[in-house]
Structures are given as C-alpha cells and as structure tokens.
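In: need coordinates for the following:
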Amino acid sequence: MLTRDIELQDAILDLLDNCVDGIQRSHKKNLQSEKPYEGFWAKINFNERKFQIIDNCGGIPLEIAEKYAFMMGRPEKSADDDLPTVGMYGIGMKRAIFKMGQQCRVVSHTKAESFEVTISPQWMVNDDWNLPLNLLEKPLHEPGTLIDISHIRESIQKIFSETSPFQKNLRDLISQHYSYIIEKGFKVFVNDEEVRVKQVSLLWDKSAQARLAPYLYQANLDGVDVKLAVGFYTPMLKEDELDEEQQTRRSKEDAGWTIMCNDRVVVFNDKTRLTGWGEAGVPNYHSQFIGITGVVYFQSNDAWKLPITTTKRGVDTSSELYLYVKDFMREGLKKFTNYTNQWKIDNEGEKEISASATAIKLEEIFSIDPNAEKEWSKVKNRPNEFKLNIPLATPAQENPRKQIKFTRPFEEIQLLAKYLFDDIDAKPGEVGEECFEQVLKKARTKA
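Out: You can find the predicted model right below:
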C-alpha cells in the first residue's frame, strides 16, 4: 500500500528532495545567499540490476537516523521543523526503497559521525521491525549519503533497461522540478549525464515610457512568503509563426503556470483550470497565448502550511492559501490575454514594443523589495501584501488596423510564392502581405 499510489519517477524525486533537505540542514546559514546550493551535487545511476544515488549534501545526522529517517512516519517534533523542506509524512526514502527493490544499503557520513544501515530481503518479509545500525569510520570522501538498492523488482527492471525511455524522461522531469534549485547551484547527474535547465525570464521595459512589464505580487500570509510573476517570456508571434510553433512544440511547453514550494516545482507549465485558465473571465489556453508564462513561489519553514499534495508533486486545490493567491494569478492572466487580443491585429506594432523590453531573470524579479519601489502598491492597505500592476501599451485608436484572413489551396500559395519571391517555401502570411502591398501600391497611383 505504501508504494501503490506513487510513480517510480516520483519516488526517485523523493530521494532528491532528501538531498536538498540535507543541504538545508547542514548549511542553514547559507540559505539566504544568491547561490545557496553551489558546490553540492547528487548522482543517480541505475540499470536492470541496481539503483544508486550518492550525494555530498551533508549526510544524515545519527539522531535523525535513529529517531526519524528509518521510522514509518514522522515524530510529532522533528529536527527539520525550522527548515524550508517539503517533507511532511516521513515516508519518502522508505517508500522509494520499497518501490524499487528488496535489498538496500544506506551509508551516511556527516562531519560528526558515520553509519551504515542494511535492509535485507529477509527483513522485508518478517515481522521484526528492528534494523541494525553500524557506526563506521568516514566511509565517503565528503559528508553525504549513499543509497544502494539491489534485488530490483521485476516490473522495475523493465523500466530501468537500456531500451526504455525512462532515463530521458527522468532527466526531463528533474530539469522541470528542480529548475530553480539547479539555477541556484545544485548539480544533478543521471547515469553520468548532467541535467540542464532552461532559465526563466520575463520581458520588462524599465524605461520611463515603460509599455511592457510583468504583473507581480508579493506577500507574507500566515507565515508563508508568496511571490508571483506573470508576463511574456517571448514576444507575441504572428499566425504563421504560431502554426510553426504548434508543429514543433518548441514554445508551447514553456507557456503556462509553474508553482514552486520551498524551491521545488510541484506544478509545471500548467494551462488548465487548476491554475486559473478557462474560469472567472480568463479564456481557455489557446495557441495565441503561447508567449505567456507565470510562476508562483511559496516558502515556509512549516511545510504543513504549503499548498502541496501528499505526493509533493501537485498543488492542494482545497488550500485556502492557494485559493486566495489564485485570484491574483487570474488577474495577471487576464491582463496579458487581453493584451494579446488587442494586439493580434497589429503584430508589427507590438513587436516594436517587445523589442524595447529586456528579458529579466526570475531570480532578479523575485529579489525585488516592494517596500523600496515606488510603483508597487499595497493590496487593500494590508501591510504584508504588495502588487505591481503597470498598465500595458494599447493600440492607437486613429486609423485602426483590421485583420484580413482567408484560405487558399496550398498549390496556389506556392505558385504565388515562386512568382513573388522565387521561393516556394515562403510563409503564407508573407505571400498574402506582398500581394496586398503590390495591389495597394497600384491603387494609390490611381487615387
């Protein structure tokens, strides 16, 4: 029952969560630095015979090993209660071990002590819950933890085989869920290949005549720090460009909402009602909104206050905190979907606006102190809630632009493309615009 409701990749992510918790536990003073995870790493290696994860993240203190790490469940008072972790139930490591195999060796080395615990196939099937813990003399080169799982279950062997796509899928998943932590210096390797991430940035024109800026919200709500940012990560695309993006899926996966709790991504680029799309006046996600992305960040030393599910890979939609913040998510979405609808008939004019904006990294945006910024306003005069909602540019009203849209057989479009550009691969929109320009030129000479 312990392993039935968790996917294999989520069980492995639980082990990575423990690595990050180890950093936070052993390096509390560095957590507020710009790169708090710099110099730390975790290496995951697996095949059909075994699974191994090793890290240099500080190790498991002996007291935690004896009273918590190998218990089923979490004691009422935990040693990690003052840390921004996501562990709440005390089953992560055990569940991952049981999910994958029937034998495991856990070795931990801290600055103060080292130990080894072995879980055998015999222990798995008997009623004796006692596990021997053996003290060791510095079994690892530096403080960290080694988890070595063998006797891999038959169903898992197939997934771990070289022909399975699991390795790539796991690397992609880690890239998504640990993007923020990796950006802050943490390194993860899967079968000796380092996991890479994309930087999240939003377009922002910070000039005096600013016409494009993200929508931002920051607050402290009942001991939870909340930071929200939504805007364009790429300029609006023309219809031809949208068709191309839809075919290649290059940008579609970058749009939508990402939700993080204590540095971990729990929802990645969502485009459903879960994050406000298609409800309360916000349109359903459509390809024309492909450039809109948003991030919500929750942080608290009390993991029970976070809007997170038991699997730690989803948001608790019944959380009062999340429902409150979701109103601001929808307000931000409306702002940029309206902007897109207003400017879709004047792509050239919008591109001039986007060209004046700079891509600002998420870390820089989240480091802003709203108390020091004049453009930020308090939300309902509450001292701990701030919002930045700069009006966006709107199209000029004189001589308004209108969109011309029609379809023609592809062979005819290619014929015109060859005639006009000597290139049959010219985009349909370019062909249409050139036809219009040539006829307009003739019309003006006769006017």
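In: shaky segments in the protein?
Out: For the chain, the stretches flagged by pLDDT under 70 are 1-5, 29-32, 72-91, 208, 210, 238-252, 397-401.
In: got the contact list for Thr274?
Out: No Thr there; residue 274 is Leu. With contact taken as CB atoms under 8 Å, 6 or more residues apart in numbering, Leu274 is in contact with Val267, Val315, Thr317. Every C-beta, even on glycine, is put in place using the N, C-alpha and C of the backbone.
In: just the buried ones from those residues, in ChimeraX syntax?
Out: This is the ChimeraX syntax for the buried subset of the contacts of Leu274, where burial follows 16 or more other CB atoms under 10 Å:
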select :267,315
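In: and which of the contacts of Leu274 is nearest to Asn338?
Out: If you rank these by distance to Asn338 using CB to CB, Val267 comes first, at 23.8 Å.
In: domain-wise, how is the chain divided?
Out: Following automatic domain parsing, one finds the domains of the chain at 8-194, 202-388, 410-446.
In: other SSEs contacting the helix of greatest length in the chain?
Out: Longest helix of the chain, by residue count under DSSP state H: helix 320-343. Identification of packing neighbours for helix 320-343 by 3 or more CB pairs under 8 Å, 6 or more residues apart in numbering; DSSP states H and E yields strand 215-221, strand 224-232, strand 292-299.
In: and that helix, C-alpha only, in CSV?
Out: In CSV, the C-alpha atoms belonging to helix 320-343 read as follows (Å, rounded to 0.1, in the frame of the first residue of the first chain):
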residue,chain,number,x,y,z
GLU,A,320,-7.4,28.5,1.4
LEU,A,321,-3.9,30.0,0.8
TYR,A,322,-3.8,28.7,-2.8
LEU,A,323,-7.4,29.8,-3.5
TYR,A,324,-6.6,33.3,-2.3
VAL,A,325,-3.4,33.6,-4.4
LYS,A,326,-5.2,32.1,-7.4
ASP,A,327,-7.3,35.3,-7.6
PHE,A,328,-4.1,37.2,-8.3
MET,A,329,-3.0,34.5,-10.8
ARG,A,330,-6.2,35.1,-12.7
GLU,A,331,-5.9,38.9,-12.6
GLY,A,332,-2.4,38.6,-14.1
LEU,A,333,-3.6,36.2,-16.8
LYS,A,334,-6.5,38.5,-17.8
LYS,A,335,-4.0,41.3,-18.2
PHE,A,336,-1.8,39.5,-20.7
THR,A,337,-4.6,37.6,-22.6
ASN,A,338,-6.3,41.0,-23.1
TYR,A,339,-3.1,42.5,-24.3
THR,A,340,-2.7,39.6,-26.8
ASN,A,341,-6.3,40.0,-28.1
GLN,A,342,-5.8,43.8,-28.5
TRP,A,343,-2.5,43.5,-30.4
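In: what angle do it and strand 215-221 make?
Out: 170 degrees (axes from the mean of the first three to the mean of the last three CA atoms, to 10 degrees).
In: quick revisit: nearest to Tyr180, out of the helices and strands packed on helix 320-343?
Out: Comparing the helices and strands packed on helix 320-343 by their distance to Tyr180 (CB to CB), the top pick is strand 292-299, with 8.0 Å.
In: now the domains of the chain as CSV including distance to Ala396?
Out: Listed next are the domains of the chain as CSV, based on distance: least, CB to CB, whole Å:
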stretch, distance to Ala396
domain 8-194, 39
domain 202-388, 8
domain 410-446, 20
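In: out of those domains, which gets nearest to Lys402?
Out: Using CB to CB, these put domain 202-388 closest to Lys402, at 6.2 Å.
In: now the end-to-end length of the closest one.
Out: One end of domain 202-388 sits 14 Å from the other (CA to CA, to the nearest Å).
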